[in-house]
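> Just to be clear, the model below is a prediction. Sequence and coordinates:
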Amino acid sequence: MIKLLGGDSFLVGRQTASSGTAIAIPCRWLSRGAKNLKLYRDQGRWMVTDLGSTNHVFVNGEQAEVSLLADGDKIQLGDVVLSFELHDAIDERFHNEIRARILYDDLTGLLTYESFRTALAWELERYGRVPKGCAIVMMDLDDFKKLNDTYGHPAGDAALRHTAQLLAHQLRKSDLAARFGGEEFAVILASTDRGGAEHLAEKVRAEVERGRLVHDGARLGVTVSIGVAVWPGDGRDPAALVAAADRALYAAKEGGRNRVVSASAAPAVEDEVPQAPA
């Protein structure tokens, strides 16, 4: 693990540190005689830029010329993978507060509804001080009542556990997932713009659709509908942001299920903020 303390800009490459590279990686797969990438802070946000490396730079598996970084992102350069971990005073306060209040859902192992509310309030407080993006993803199992009526409630519980596991597998360390209530899940995506949130949501949707779940010998086909909302464009406070994501989720259901809809594309309706499960 490499720790960088202080400074707003660092170069990564094959050269020795004396040549001006903050992080020197003696790997033959890195471009010879050139800096490969630059890590730098821009208006409070950490970015990575490909400086013309032969094998390109990838962030979380996606090729990136310039990319915003979030805590837990994986930066790949040749056959070298760097893990980006960001810690500051606000982050430390946030994580300490969350650890003190955190509760987990017994069935899925994800955060409870109340813990999700606490985490979202803290997350937006942080982003109110630092110009980063933040996104909310709301997802709901399709035809869940029909699944319960056909195969029984134990099968419904198995579908919830299975979906929660697939969801958690797709998330970064900095993301937070919760069981919002019933068959609905919610995710907070840190430092994520609309394109990134929609991409992640589509990956989750596809993973659930092709997932193989067998319960008591029966093959259960599970799909999810997903709504995406982004701070601050879709809502500047927790209630408004969740309402926007929920409106997009409703549009995904109305549009045929098993799809992703962004709040920016959802029909405008009178918002009703989702309430805590009974």
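Looks like it came in fine.
> Alpha carbons of stretch 224-238, as CSV, please.
Listed next in CSV are the C-alpha coordinates belonging to stretch 224-238 (Å, rounded to 0.1, in the frame of the first residue of the first chain):
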residue,chain,number,x,y,z
VAL,A,224,-35.6,-5.7,-11.1
SER,A,225,-36.8,-2.3,-12.1
ILE,A,226,-34.4,0.5,-11.2
GLY,A,227,-34.7,4.3,-10.8
VAL,A,228,-31.7,6.7,-10.7
ALA,A,229,-31.5,10.2,-9.2
VAL,A,230,-28.5,12.5,-9.0
TRP,A,231,-27.6,15.2,-6.5
PRO,A,232,-28.1,18.1,-6.8
GLY,A,233,-29.9,18.2,-10.1
ASP,A,234,-32.7,15.9,-9.1
GLY,A,235,-33.0,17.0,-5.5
ARG,A,236,-30.9,19.0,-3.1
ASP,A,237,-32.1,17.3,0.2
PRO,A,238,-32.5,13.6,1.1
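> Please list all residues in contact with residue 186.
Contact analysis of residue 186 by CB atoms under 8 Å, 6 or more residues apart in numbering lists 116, 136, 137, 138, 139, 177, 178, 180, 242, 245. Placement of C-beta: from N, CA and C, glycine included.
> Put the buried members of those residues into a ChimeraX selection.
Buried residues within the contacts of residue 186, as defined by 16 or more other CB atoms under 10 Å, are selected in ChimeraX through the command that follows:
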select :116,136,137,138,139,177,178,180,242,245
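> Keep only those of the contacts of residue 186 that are in helices.
With DSSP state H as the criterion, helices contain 116, 242, 245 from among those.
> Reformat the residues you listed as CSV; add distance to residue 82 and pLDDT.
Listed next are those as CSV, based on distance: CB to CB, whole Å; pLDDT from 0 to 100:
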residue, distance to residue 82, pLDDT
116, 30, 93
242, 34, 96
245, 32, 97
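> need these in a markdown table with distance to residue 226, can you?
What follows is the ones in helices among the contacts of residue 186, written out as a markdown table (distance: CB to CB, whole Å):
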| residue | distance to residue 226 |
| --- | --- |
| 116 | 16 |
| 242 | 14 |
| 245 | 9 |
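> Neighbours of residue 254, how many?
Residues contacting residue 254 under the criterion other CB atoms under 10 Å number 12.
> got the phi/psi numbers for it?
Phi and psi for residue 254, reported as degrees, to the nearest 10, are phi -70, psi -30.
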